[in-house]
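Participant: Below: sequence and its predicted model.
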Amino acid sequence: MEDCIFCKIIEGKLPSKTRFENEDLIAFEDLNPVAPVHLLIVPKRHFSNLYEMTSSHEGLSLLSKLHQALPEIVRVCGLESQGFRLINNCGEDAGQTVMHVHYHLIGGLPLGPRII
Ligand code: AMP
Ligand code: ZN
């Protein structure tokens, strides 16, 4: 998708600190980390947000593949025993700023109070 920062990273047109990649997704370090570990897990196919992704069979199937890769990504980050949060901001009210669906994987210290 033109003018999408994450599509450009996926195409290698913008740099990223990639920690994991397979044919379906890429996981790279967030530019503005909020914790010692802060990765963005991004499907290579462009969907604007999680709502759009889960509204199609193909998106749902990709989401399943993303979750299948999660244990390996967590191990790459060394978070398998400490734990982590996986966060998705979907749309305007959730404060989504990059309109290419992604999960934030954060961890590496006690993460403090939860909203939910
Ligand atoms: P969200 O607000 O949930 O859409 O999250 C977007 C995230 O993308 C923010 O945490 C930004 O810090 C991060 N971000 C934006 N541009 C880049 C980039 N070029 N490389 C890595 N992370 C980025
Ligand atoms: Zn995109």
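Facilitator: Sure, I can see it. Ligands and ions are numbered 1, 2, ... in the order given.

Participant: Could you use CA atoms for every contact and neighbour count after this?
Facilitator: Will do.

Participant: Return the set of buried residues in stretch 75-92.
Facilitator: The neighbour-count check on stretch 75-92 (16 or more other CA atoms under 10 Å) flags 77, 79, 84, 88, 89, 90, 91 as buried.

Participant: Relative to ligand 1, which of those residues is nearest.
Facilitator: Closest approach between the buried residues of stretch 75-92 and ligand 1, by CA to the nearest ligand atom: residue 89, at 4.7 Å.

Participant: Which residue comes closest to that closest one once chain neighbours are left out?
Facilitator: Leaving aside its chain neighbours, residue 89 sits nearest to residue 96 (5.1 Å; criterion: CA to CA, 6 or more residues apart in numbering).

Participant: Then residue 73?
Facilitator: residue 20 (6.4 Å).

Participant: tell me which residues in stretch 66-75 are buried?
Facilitator: Neighbour count says stretch 66-75 has 66, 69, 70, 73, 74 buried, by 16+ other CA under 10 Å.

Participant: List the contacts of residue 104.
Facilitator: Residues counted as contacts of residue 104 (CA atoms under 8 Å, 6 or more residues apart in numbering) are 38, 39, 40, 41, 85, 86, 87, 88.

Participant: So which of those are in strands?
Facilitator: Applying DSSP state E to the contacts of residue 104, the entries found in strands are 38, 39, 40, 41, 85, 86, 87.

Participant: Assess the claim that residue 10 and residue 24 are in contact.
Facilitator: No: applying CA atoms under 8 Å, one finds residue 10 not in contact with residue 24, separated by 10.5 Å.
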